[in-house]
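Enquirer: here is a sequence with its predicted model. Questions after.
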Amino acid sequence: MEPVNQIEGRAYPFGLKNVDTDVIIPARWLKTISREGLGKGAFEAIRQDPDNLFDSPEYAGSPILVAGDNFGCGSSREHAAWALGDMGIKAVIAPSFSDIFSGNAFKNGILTVVLPQEAVDRLVEVAKTDTIHIDLENQTVTTPFQDRFTFEIDPFRKHCLLNGLDEVGLTLARDAAISSYEAKLAGERGFLTHGTAVAA
């Protein structure tokens, strides 16, 4: 997982409330176990409108999505986070998120930023013309117009995102301690590891 800290660029000024995971990535796209290519199916129903913002050249490649309240509600499909990531989205800003979506986004290196509705409304307006800057280290969202919004984040999630650590990375970071424990266990209670090779 790539480390996340400074995210800057144009943002999709979406703002729609109660966007569920079926809107983010329709069920027909769930037949794959690959994360690649799902960006093409993201927001498919909304993209039926030829003037939709997700296909607008003005917002192409935007790393930020400014969304409405209760973003990511509905089913628990991890494909929703995969689809956003495949679109190049590194952060979603909204007044609130579904807990399951927020967890899936975190596990896939996408920062979810919770801000009050007034701040989100302001960022939707800014996103129509200018860039937005997110600083995870200092937990701020700023604009070229001197807007500055602070946000809270779980310290563990912040540490993982800043250091690019997913669940596998966290386990590998403890490799020496795990190997030491296994070697000690083999010496003290060899019967538990009988027939199993243990690294010294």
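Expert: Looks like it came in fine.
Enquirer: when you work out contacts or count neighbours from here on, use the C-alpha atoms and nothing else.
Expert: Noted.
Enquirer: so which residues of the chain form strands?
Expert: 6-9, 11-13, 64-66, 91-94, 111-114, 132-135, 140-142, 148-150 (DSSP state E).
Enquirer: so for the first one, mean pLDDT?
Expert: Taken as a whole, strand 6-9 has an average pLDDT of 98.
Enquirer: partner strands of it and their direction?
Expert: Here strand 6-9 is paired, per DSSP bridges, with strand 132-135 (antiparallel).
Enquirer: got a list of contacts for the partner strand?
Expert: 5-11, 123, 126, 140-144 (CA atoms under 8 Å, 6 or more residues apart in numbering).
Enquirer: any chance of those in TSV, with distance to Ile110 and neighbour count too?
Expert: Below are the contacts of strand 132-135 laid out as TSV (distance: CA to CA, whole Å; neighbours: other CA atoms under 10 Å):
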residue	distance to Ile110	neighbour count
Asn5	11	18
Gln6	12	14
Ile7	11	18
Glu8	14	19
Gly9	15	16
Arg10	16	22
Ala11	14	30
Leu123	18	27
Val126	21	19
Thr140	16	17
Val141	15	23
Thr142	18	17
Thr143	20	18
Pro144	23	11
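Enquirer: between the strands of the chain, which gets nearest to His159?
Expert: Among the strands of the chain, the nearest to His159 by CA to CA is strand 111-114 (11.8 Å).
Enquirer: other SSEs contacting that closest one?
Expert: In terms of contacts (3 or more CA pairs under 8 Å, 6 or more residues apart in numbering; DSSP states H and E), strand 111-114 is packed against strand 91-94, helix 99-107.
Enquirer: was I right about Gly15 contacting Glu125?
Expert: No - counting by CA atoms under 8 Å, Gly15 sits too far from Glu125 to count as a contact (9.9 Å).
Enquirer: which one's more surrounded, these two?
Expert: Gly15 (22 against 12; other CA atoms under 10 Å).
Enquirer: returning to what we had before: got a markdown table for the strands of the chain, with distance to Ser34 too?
Expert: Putting those into a markdown table (distance: least, CA to CA, whole Å) gives the following:
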| stretch | distance to Ser34 |
| --- | --- |
| strand 6-9 | 25 |
| strand 11-13 | 25 |
| strand 64-66 | 23 |
| strand 91-94 | 21 |
| strand 111-114 | 21 |
| strand 132-135 | 29 |
| strand 140-142 | 32 |
| strand 148-150 | 35 |
